[in-house]
Structures are given as C-alpha cells and as structure tokens.
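[1] Quick one: sequence plus predicted model below, questions after.
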Amino acid sequence: MADWPLGYGRQVLTEVDSTMLEAARQAVDLSGPTWICALHQTAARGRRGRVWVNPKGNFAATLVIPTADAPDRRALRSFVAALALFDALVAVSGRVDGLALKWPNDVLLTGGKVAGILLESLGSHLAIGIGVNLVTAPDAAEVEAGAVPPVSVVSALGVEVGQEVFLDMLAAAFARHEAQFVTYGFAPTREAWLSRAARLGEVVTARMGDHDVTGTFETVDADGRIVLNTASGRQAIAAADIFF
Ligand SMILES: O=C(O)CCCC[C@@H]1SC[C@@H]2NC(=O)N[C@@H]21
C-alpha cells in the first residue's frame, strides 16, 4: 500500500450528495490539504453542469487545498491531478500502455474515458474533484455524441481495485506531483503532461459553446492552454471540450 502523504487530511464518507458540495461545506474549517472521499455519491456532478454517473464501487473524491493562488495558477492544478491519476492507474494496472491524458481534464484508458477532473474555486480554497470508473462505466449512449466512450478499469484491464486502496495510491502520487509543481513551477509538470498526451500532433476539434475550432494539436502552452495549428494560424484556447 502507498504511504499516506504527510500533511494531507483523509476522510472517507459512506455516502454524500457530492464530494464537491461536501468540500464547500467544510472548506472554511480546513487549514491543510484534505482528501474527502465518498464510497457513494447521490448527486455527483461533472464539468459544465453535466451529471456524473457514480455507481457504487467507482472512485469519487475531492481534494480541498487552501490556497492564495490566482485563478490562472489554480487552473494548472488539473495537470497535477491528471499526472497523479496517470501514476495511480499505472500502479493499479502495472502497465503504462493504453493510458493517456486528454486535454484539459480527462484520463483515457484503451481509448475510452476512465477518469475526469473537476476544478472549483471556493474562495480561499481550491476543490479538485476526481471521479474514476473503477468497476462500472456509463453506456456510450449516455455521453455526448462524438465524445470519447467511457470505460472502466475492470472492463479495460480486468483488474479490480478498492476505492480506499485507490485513494491511497492517488494521494501519494498527487503529493509527489504537487511538490514538483510548488517547487519548480509549471514547466516540468507541463513537460510530463505532454509526454502522456493523447492525440498530440493530430487533428482535433475544440468545441466552445457556440463554435468549433479544428486544427493540429501542437502543444499546451505555459498557461495550460491547448494550442491548435489551424487553417487561419495558431490559436491558444483556454477552455473547450476536445473531440477527436
Ligand atoms: O466531467 C468530468 O469529467 C469531471 C467529473 C468529476 C466527477 C467527480 S466525482 C468526485 C467529485 N464529486 C462530484 O460531484 N464530482 C467530482
């Protein structure tokens, strides 16, 4: 088992509406980084107001970090969380192949979405919500047309891992990547993320509400924006859903 990282709080709740809501309720009382994990959520939410399907057995947690960081720097924590998820899934599966990071906030396994990250600012705290399909994934019909189909760790790898075991692996991995981010800034995090990126150098489409931009995925810049080389030149995009 991974050692629990020094200085991080650990809570495991049997059931909660959403660990994001629980994080908001507790934040003012939390003076250090704290993992709030739930064995079951009844009202889990995803990015852009979507519902997050969270059957029992899947992993759900929010890491609450007290921070004075400006919004731009807070947003970079999604790359730290993605690297931690990558490492934890490597530890679970014993293999790297099939795992990739999808900008901005998803982890892919054998081409399907296995995990998602949701960042929310809570004033003096940042909430990093993480959901991982450990045992069950929603039907492909339940996700947006053209989106990456969901997969679970069990369906993709035939490996079973418990929620608390996964929490311990993820927390240890997060603490390592967070220490690197705090000490050295975004540059090494960015390099590590890019070396695990899905579809780098390939043509992708960024969907931003009312319009799409299609171009070659060139890089992620120093502010965490995806850079696409399009027919009308390079575009750096701060927020979008990416379609392959
Ligand atoms: O849309 C996404 O891909 C992000 C999904 C984030 C889901 C997690 S599960 C734990 C935490 N609690 C929630 O209600 N949502 C996040």
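    Now that the structure is in, tell me what you want to look at.
[2] CA atoms for contacts and neighbours, from now on please.
    OK.
[3] in this protein, which ranges drop under the pLDDT threshold?
    Counting by pLDDT under 70, the ranges of the chain that qualify are 1-2.
[4] what residues does it put near the ligand?
    Applying CA under 6 Å from any ligand atom, one finds that the chain approaches the ligand through 18-20, 44-47, 52, 60-62, 116-118, 129-131.
[5] domains in the chain, as residue ranges please.
    By the assignment in automatic domain parsing, the chain contains the domains 9-194, 203-243.
[6] Deepest in the core, which of these is it.
    When neighbours are counted by mean count of other CA atoms under 10 Å, the highest per-stretch mean among the domains of the chain falls to domain 9-194, a mean of 19.
[7] For residue 109, which non-adjacent residue is closest in space?
    In this structure, residue 109 finds its nearest non-sequential neighbour in residue 99, 4.6 Å apart by CA to CA, 6 or more residues apart in numbering.
[8] what's the spacing between that neighbour and residue 11?
    The spacing between residue 99 and residue 11, counted by CA to CA, to the nearest Å, is 28 Å.
[9] likewise residue 86?
    Taking CA to CA, one finds residue 86 at 22 Å from residue 11.
[10] Out of the residues of the chain next to the ligand, which sit inside strands?
    Among the residues of the chain next to the ligand, the members falling in strands (DSSP state E) are 60-62, 116-118, 129-131.
[11] Just send these back as a markdown table, with distance to residue 226 too.
    A markdown table is the format used below for those (distance: CA to CA, whole Å):
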| residue | distance to residue 226 |
| --- | --- |
| 60 | 27 |
| 61 | 26 |
| 62 | 25 |
| 116 | 17 |
| 117 | 17 |
| 118 | 17 |
| 129 | 21 |
| 130 | 21 |
| 131 | 23 |
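[12] And the next helix or strand past the longest helix seen in the chain?
    Criterion DSSP state H: the longest helix present in the chain is helix 163-184. Next helix or strand after helix 163-184 toward the C-terminus (DSSP states H and E): helix 186-194.
[13] tell me which strands and helices that following helix is in contact with?
    Packed against helix 186-194 by the contact rule (3 or more CA pairs under 8 Å, 6 or more residues apart in numbering; DSSP states H and E) you find helix 77-93, helix 163-184, strand 211-220.
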